[in-house]
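Student: Sharing a sequence plus its predicted fold:
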Amino acid sequence: MKSLVSKLPEWLKKPLRYLRGVVIAAAFCGKKRFCPVCGKSSRRFRSFGIWPREDAQCPHCGALERHRLLWLFLQKKVDFFDGQPKKVLHVAPESCFESRFRKQLGDGYLTADLFRTRAMVKMDIVDIQYADQSFDVIFCSHVLEHVVDDRRAMKEFFRVLKNTGWAILNVPITSVKTFEDSSVIEPDERLRTYGQVDHVRRYGSDYVERLLATGFTVDIIKVDDLVDSHEKLRLGLSRATDDIYYCTK
């Protein structure tokens, strides 16, 4: 459906977006949930996922639990929204963030992806074509589990990050210990082994050891570091939500 809409002329897209907004507003009208990314309230969040999670996705902007948590972190713990010029690399940009980050950062914002044509540059993160210390901030969330040589990608992020910069390198933790098997190639096998056909490993809590081995200093931020129990429910963060891996040199 989305691919069909994307092919429509712009003059037709605008009223369709407006109509979608009206339908969503009516269907999810309420105040029990709040999305800090778009600043809108709703009766509940949508279910989302291959194995659907209830109360997961903002019906207005599409932000998931991890996006809402990261937005809070950016607001409360770092200088991202201080209005100062920054050079930011955003790998596989999430739609709920992209336009908002671009508005905040202007020409300092660079989106990159190996496959998605809407990204500003085509980039293979195991071979980043930018000079050492090019970026103040790097965002790469739920990407490394798709990359065969993830350690090389981490080294590239370390190389292009400024000494005074920071990076958010988040992955889903779905195992006690990181597991990968290069012989698992077929989509059905990957689905059974890793939970998605395009994943090449399951990360465990030892993920941080890979980041440390690269040279990063890593702070792990959890939900409870940012919100109390009441806010967790209101923001749809009550269930286990991905930790934030805040990396500096």
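Tutor: In hand now; what should we look at? Just so we're clear, the structure is a prediction, and the values are computed from it rather than from any experiment.
Student: switch to C-alpha atoms for all contacts and neighbour counts from now on
Tutor: Will do.
Student: ok, residue 134 touching residue 108?
Tutor: No: assessed by CA atoms under 8 Å, residue 134 is found out of contact with residue 108, at 11.0 Å.
Student: out of everything not next to it in sequence, what's closest to the residue nearest to the spatial centre of the chain?
Tutor: Centroid check for the chain by CA atoms, centre = their mean gives residue 141 as the closest residue, at 4.0 Å. Excluding the flanking residues, the one nearest residue 141 by CA to CA, 6 or more residues apart in numbering is residue 170, at 4.5 Å.
Student: Now do the buried residues in stretch 104-115.
Tutor: Buried residues in stretch 104-115, defined by neighbour count with 16 or more other CA atoms under 10 Å: 104, 105, 109, 110, 111, 112, 113.
Student: among these, which are in strands?
Tutor: 109, 110, 111, 112, 113 (DSSP state E).
Student: Out of the residues you listed, the closest to residue 67 would be?
Tutor: Residue 67 has its nearest neighbour among those in residue 111, at 16.8 Å by CA to CA.
Student: Just to be sure, residue 75 is in a helix?
Tutor: Yes: membership of residue 75 in a helix is supported by DSSP: H, G, I helix; E, B strand; the rest coil.
Student: can you give me the offset of the longest strand along the chain from its chain's centre?
Tutor: As assigned by DSSP E, the longest strand anywhere in the chain is strand 161-170. In terms of CA atoms, centre = their mean, to the nearest Å, the centre of strand 161-170 is set 15 Å apart from its chain centre.
Student: which residues are contacting the very next helix or strand once past that strand?
Tutor: For strand 161-170, the following helix or strand on the C-terminal side (DSSP states H and E) is helix 187-194. Helix 187-194 has contacts (CA atoms under 8 Å, 6 or more residues apart in numbering) with 184, 196, 197, 198, 199, 200, 201, 202.
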